[in-house]
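> below are the sequence and a predicted model for it; my questions follow.
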Amino acid sequence: MTLRLPVISLLASLAAGAVVVPRAEFHPPLPTWKCTTSGGCVQQNTSVVLDRDSKYAAHSAGSRTESDYAAMGVSTSGNAVTLYHYVKTNGTLVPASPRIYLLGADGKYVLMDLLNQELSVDVDFSALPCGENGAFYLSEMAADGRGDAGAGDGYCDAQCQGYCCNEMDILEANSMATAMTPHPCKGNNCDRSGCGYNPYASGQRGFYGPGKTVDTSKPFTVVTQFAASGGKLTQITRKYIQNGREIGGGGTISSCGSESSTGGLTGMGEALGRGMVLAMSIWNDAAQEMAWLDAGNNGPCASGQGSPSVIQSQHPDTHVVFSNIRWGDIGSTTKN
C-alpha cells in the first residue's frame, strides 16, 4: 500500500532528527474462504476498503481509522460485514451509503476467477425495506486500483462510472425483491440494462420475501454458479440455502444480448475468467425509488414506499449484513 506524508512536514522532521512513523491505513478485517472439492475451504487473509470517494472518508491513504469506517456505516465482526445506509453525525441522521471492496493481504484487490466456479455468501436483508438496495457484485477493476487499491481507488462498472468495465450483479436486493444481472462490455460499449433475473418479475410471486419460500425475515445463503463448457460460460444459476434446506428455482441465465456488440454471455465469462473484484454497497434511488427492482411488475412495493425521505424517517436503522463469503469449485463452498 502507498503511505503519504506532506513533503514539508517530512523534511522538517528529518532535519530535526525525528523518527517519522507514518500511520498505517486501517482496513477492517473480513476473512473469506477459497474452496476446492478436493481440499475443502482455506481461509484467506482479506479485509475491506472504502471507496476513495466515500463522503466522510475521502482522505489520503494512511489516514483512515476504524472510526472513519464507523462514520461511514461500515463495521466488521468475525466473517461478517454490516453496511448501514444512515449514520448520526453531530446528532443528525445523514446518509452514508458506503461502498467497499475486498482487499487481499498484498494490498491489492482480490481478483476472483469464477469461470466454472461458484460464489456463496450468507445474507441478512431483513432490515432493508422497499427502495433500499443491498448490492453484492463483481466489477472488472484493476487489481492495483489503478495505482492505489489500499485507498479504494479505481472503481468502474457497466454504467461507466469511473470508467467502463464488465459488471456482474450477484445480488441487488432488499427484503421484498431480488435480481441477479450480468452487464457485459466490449470496450466502452456496455449492456447497461443487463440481462437480469428477478423471481417476482418472472411470475414467482411467492418465492422471495418475508414468510415466503426464501424467507427474507431471516438470514439465508445465496449460491451463484457460473457453469462453463470448453472454457466458455454457458449459464449462470442461482440457488438458496435456508434452515439447512437447499432451495432451487432461483433462476438461470443462459444468454445475454449480442456478442458482437457488448460481448454477451461469452464476454461475461471471459471477464470472470480474468478475475473480477468483489464490491458491496447499500444505497437508495431518489430518481426511480428502486422501482426497477421492487415495484410494479418487479416486486410488491407501492409507489412512494421507496422514497429516500420515507426510508430515512420510517427505517433509519436500515442495513445489510454479508458474511461467510466463499468461492471456488462448483459444489465446494457449501459443504460442512
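Nice, I can see it. Numbers count the residues shown, from 1 in each chain.
> got any ranges where the stretch 1-150 of the chain has weak pLDDT?
1-24, 55-63 (pLDDT under 70).
> what about dumping the CA coordinates of the longest helix seen in the chain to PDB?
With secondary structure taken from DSSP state H, the chain has its longest helix at helix 264-274. Extracted in PDB, the C-alpha atoms of helix 264-274 (Å, rounded to 0.1, in the frame of the first residue of the first chain):
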ATOM      1  CA  GLY A 264     -22.800 -11.200 -24.500                       C
ATOM      2  CA  LEU A 265     -22.600 -14.100 -22.100                       C
ATOM      3  CA  THR A 266     -19.300 -15.200 -23.700                       C
ATOM      4  CA  GLY A 267     -17.800 -11.800 -22.900                       C
ATOM      5  CA  MET A 268     -19.100 -12.000 -19.300                       C
ATOM      6  CA  GLY A 269     -17.400 -15.400 -19.000                       C
ATOM      7  CA  GLU A 270     -14.100 -14.100 -20.300                       C
ATOM      8  CA  ALA A 271     -14.200 -11.300 -17.600                       C
ATOM      9  CA  LEU A 272     -15.000 -13.900 -14.900                       C
ATOM     10  CA  GLY A 273     -12.000 -15.900 -16.100                       C
ATOM     11  CA  ARG A 274      -9.600 -13.000 -16.000                       C
END
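> quick one: terminal-to-terminal distance for stretch 282-295?
This stretch, stretch 282-295, spans 18 Å end to end (C-alpha to C-alpha, to the nearest Å).
> pull out the buried positions in it.
Buried positions in stretch 282-295, judged by neighbour count with 16 or more other C-beta atoms under 10 Å: 282-285, 289-295. C-beta here means a position set from N, CA and C on the backbone, and glycine is covered the same way.
> quick one: which of those residues sit in helices?
291-294.
> about what we covered before: show me what the longest helix of the chain is packed against.
The contact analysis (3 or more C-beta pairs under 8 Å, 6 or more residues apart in numbering; DSSP states H and E) places helix 264-274 against strand 167-173, strand 185-186, strand 220-229, strand 232-242.
> show me where the protein has its helices.
According to DSSP H, the helices that the chain contains are 7-15, 66-71, 264-274, 291-294, 308-314.
> tell me the most buried of those?
Mean neighbours per residue, mean count of other C-beta atoms under 10 Å, is largest over the helices of the chain for helix 291-294, with a mean of 24.
> contacts for that one?
For helix 291-294, contacts defined as C-beta atoms under 8 Å, 6 or more residues apart in numbering pick out 130-131, 133, 172-174, 176-179, 198, 200, 298-301, 303, 306.
> which among these end up buried?
130-131, 133, 172-174, 176-179, 198, 200, 298-299, 301, 306.
> pull out the buried residues from stretch 228-243.
Across stretch 228-243, burial judged by 16+ other C-beta under 10 Å covers 228, 233-234, 236-242.
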